[in-house]
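Visitor: sequence first, predicted coordinates after that:
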Amino acid sequence: MKLYIKYMVSLRCKLMVKSELKKLGLHFTNIELGLVEIEETISQEQMEKLKSNLAVSGLELLDDRKSILVDKIKNVIIEMIHYSDEILKVNYSDYISEKLGYDYTYLSNLFSEVRGITIQHFIINHKIEKAKELILYDELNLTEIAYRLNYSSVSHLSNQFKKVTGQRPSFYKKIGQKRKSNLENL
């Protein structure tokens with residue numbers, strides 16, 4: 001049986017879900033971001049208990065078809081940007097469509113209808129969050145970050161960065177250096 005879980009976006013979330021399943025005596029065969037496959041058929045009582053236990057941790061069990069698909073779209077994007085080290089050789093739209101087995105136009109319209117934001121804006125926001133993280137870690141230069149996040153150039157990354165955050169990437173670099181210097185002075 002497959003269960004879809006909203007807001008399950010990190011390894012910590014996976015551990016939390018594993019723990020809750022164990023408490024209920026349920027055995028899983030697979031746990032991915034947003035998806036759990038369990039061996040047993042879950043009773044209504046177990047379902048309600050799982051739902052309330054997950055809610056305490058900020059997670060939500062999904063049962064609406066549209067919400068489940070939108071959550072799958074979000075998880076593909078989050079995994080693609082935050083957890084994959086491979087550089088995509090295809091368009092994001094093709095990747096998402098291929099990964100989920102639906103026409104991209106359908107996915108895009110559904111996502112916009114349910115979330116009130118386009119898939120493209122969702123991707124941009126996550127790419128900028130990842131860029132901020134990489135800038136603060138100070139392990140890659142802007143050219144390498146732009147390449148890793150599939151930007152055509154550093155200026156394209158910088159322009160989107162400023163549009164989303166209101167600041168240039170150099171501002172975040174200074175914050176990271178200041179933070180690092182403060183830690184060294186402790």
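Guide: Perfect, I can see it now.
Visitor: measure stretch 131-151 end to end?
Guide: Taking C-alpha to C-alpha, to the nearest Å, the first and last residues of stretch 131-151 lie 11 Å apart.
Visitor: who's in contact with Tyr83?
Guide: By C-beta atoms under 8 Å, 6 or more residues apart in numbering, the contact list for Tyr83 reads Leu33. All C-beta atoms are positioned from the backbone trio N, CA, C, and that covers glycine.
Visitor: and for the one 5 residues further on?
Guide: If a contact means C-beta under 8 Å, 6+ apart, then Leu88 has 80, 95, 150 as its contacts.
Visitor: let's verify it: helix, strand, or coil?
Guide: Secondary structure assignment for Leu88 (DSSP: H, G, I helix; E, B strand; the rest coil): coil.
Visitor: circling back: which ones among the contacts of Leu88 lie within helices?
Guide: Tyr95 (DSSP state H).
Visitor: now the contacts of Leu88 as CSV including neighbour count, distance to Glu133 and pLDDT?
Guide: Output for the contacts of Leu88, formatted as CSV (neighbours: other C-beta atoms under 10 Å; distance: C-beta to C-beta, whole Å; pLDDT from 0 to 100):
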residue, neighbour count, distance to Glu133, pLDDT
Met80, 19, 15, 91
Tyr95, 16, 21, 93
Asn150, 16, 16, 90
